[in-house]
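Participant: Structure of the sequence below:
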Amino acid sequence: MKRRLFSLSVAAAAMSMSLPALAQTKWDLPAAYPASNFHTVNLMAFADDVDKASGGKLKITVHAGASLFKAPEIKRAVQGGQAQIGEILMANFQNEWQLFGADGLPFLADSYDAAQKLYKAQKPLLEKKFADQGMVLLYAVAWPPQGLYSKTPINSAADLKGSKWRAYSPATARIAELVGAQPVTVQAAELSQALATGVVETNMTSGATGVDSKLYEHLKFYYDVQAWLPKNAVFANKKAFDALDKPSQDALLKAAADAETRGWAESQKVNTDTLNTLRARGMTVAPPSPQLKADLQKVGQTMLKEWQEKAGPEGKTLIDSYAR
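Facilitator: Reported below is the predicted structural model:
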C-alpha cells in the first residue's frame, strides 16, 4: 500500500511538473534579413517581450537570414500554417495586391513624416486584406529612405542605361525598365554574392542594407535620393492567434505595439548611423544632382499613374486619404 501511494505521489508530482510545458505554445517566425539588421533585432526584442508578458506561455523563435523560408515564401508559409508568424517586405507582394506596394512608389512618401502618414492611411486596408487571407497584421516598420548605389558616378538617369540593376520588388524592376537598366531579381540574403560575381552593378536600397550586405566592398558611390521608405510587416496566422488564450493574445498585441514604436525610432537612428558607416568604409555619399533627381521624380510620376490604374477604387481611397 505504501509503495502504491508513493508511486501515485511520484506520478502526480511528475504531472504537475509537466503542466507548464504542456501549456506552453511555441511559434516560429521566419525573417529574411540577417540577425544584425535592425528589423531582426527588433523582432528578437518583440519575441522577448512576448515571452515575458505571457509568463512564458508563448515562445517565439526568430529564424533570421532566410534560414527557415526564403523571402518570397514567408507570406505563404504563414498563411498556410507552416509558420505561425512572419515578417515580409510588403512591396515584394505588389503583384498580388497593388496596395502592398504603395510605399514602394518613388517619391510618393519620401520622409519619415510622410511615411507615417501613408501608413496611417494604408493600415485599415492592410488589416482587412490580411484578415481576408486568414492572418492578423501585428505591426509594420519602415526601412530608412532608399538611395542609389553604383560602381560608377551617376549624374542623370541616362548614366543608368544598360547597367545590371538589382530588383527586389515589382516597383524596383519597373524603375529599371524606365531608366533603361537591366533588372536582375536578387533578394537581400543573396545580394553580396550577386555583387561579388558581377551579376549586379547598380542598386536602390537603404543605407541599412548597404551595411548589412557590405556594398562598400563592391560599389563606390551612394546617392542619397531618399526615394521611398518601404515597410516590413509582421503578421500571424489567424487560427494560431485565435488558439491563444486571451492573456497571451493581449501580451502579443501589446508587444507588437511597442515593437512598432521602437522600430520606427530605430529606423531613423540607423539611417544616420549607416550612412556614416558607408562614408567611413570609403564610399562617396552625396546628394543626387538636380538632373538625376528630376529624372527619378519623372519616373515616380509615371509609376504612380500606372499604379493608380491597376489599384482601382482601393488605390484611390488610399491616395485620397493620404492627401488629406
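Participant: Break the protein down into its domains, please.
Facilitator: Domain ranges of the chain: 24-96+110-142+230-275, 147-227+283-323, per automatic domain parsing.
Participant: Reformat those domains as TSV; add distance to Asp103, mean neighbour count and mean pLDDT.
Facilitator: (Each C-beta comes from the backbone N, C-alpha and C, glycine too.) Output for those, formatted as TSV (distance: least, CB to CB, whole Å; neighbours: other CB atoms under 10 Å; pLDDT from 0 to 100):
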stretch	distance to Asp103	mean neighbour count	mean pLDDT
domain 24-96+110-142+230-275	5	19	97
domain 147-227+283-323	9	18	95
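Participant: Turn those domains into TSV, including distance to Gly104.
Facilitator: Formatted as TSV, the domains of the chain follow (distance: least, CB to CB, whole Å):
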stretch	distance to Gly104
domain 24-96+110-142+230-275	3
domain 147-227+283-323	4
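Participant: residue nearest the centroid of this protein?
Facilitator: The C-alpha lying nearest the average C-alpha coordinate of the chain belongs to Asn232 (CA atoms, centre = their mean; 2.4 Å).
Participant: who's in contact with it?
Facilitator: Shown in contact with Asn232 (CB atoms under 8 Å, 6 or more residues apart in numbering): 39, 87-90, 140-141, 143.
Participant: can I get the CA coordinates of the helix or strand where it lies in CSV?
Facilitator: In the assignment (DSSP states H and E), Asn232 maps to strand 231-237. Written as CSV, here are the backbone C-alpha positions of strand 231-237 (Å, rounded to 0.1, in the frame of the first residue of the first chain):
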residue,chain,number,x,y,z
LYS,A,231,7.8,48.8,-44.8
ASN,A,232,8.3,45.4,-43.3
ALA,A,233,5.0,43.9,-41.9
VAL,A,234,4.8,41.4,-39.1
PHE,A,235,1.7,39.2,-39.1
ALA,A,236,0.3,36.0,-37.6
ASN,A,237,-1.8,33.1,-38.8
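Participant: mind listing what that strand pairs with, with the direction of each?
Facilitator: strand 85-89 (antiparallel), strand 135-142 (antiparallel) (DSSP bridges).
Participant: now these in JSON lines, with distance to Lys57?
Facilitator: Output for the strands paired with strand 231-237, formatted as JSON lines (distance: least, CB to CB, whole Å):
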{"stretch": "strand 85-89", "distance to Lys57": "15"}
{"stretch": "strand 135-142", "distance to Lys57": "17"}
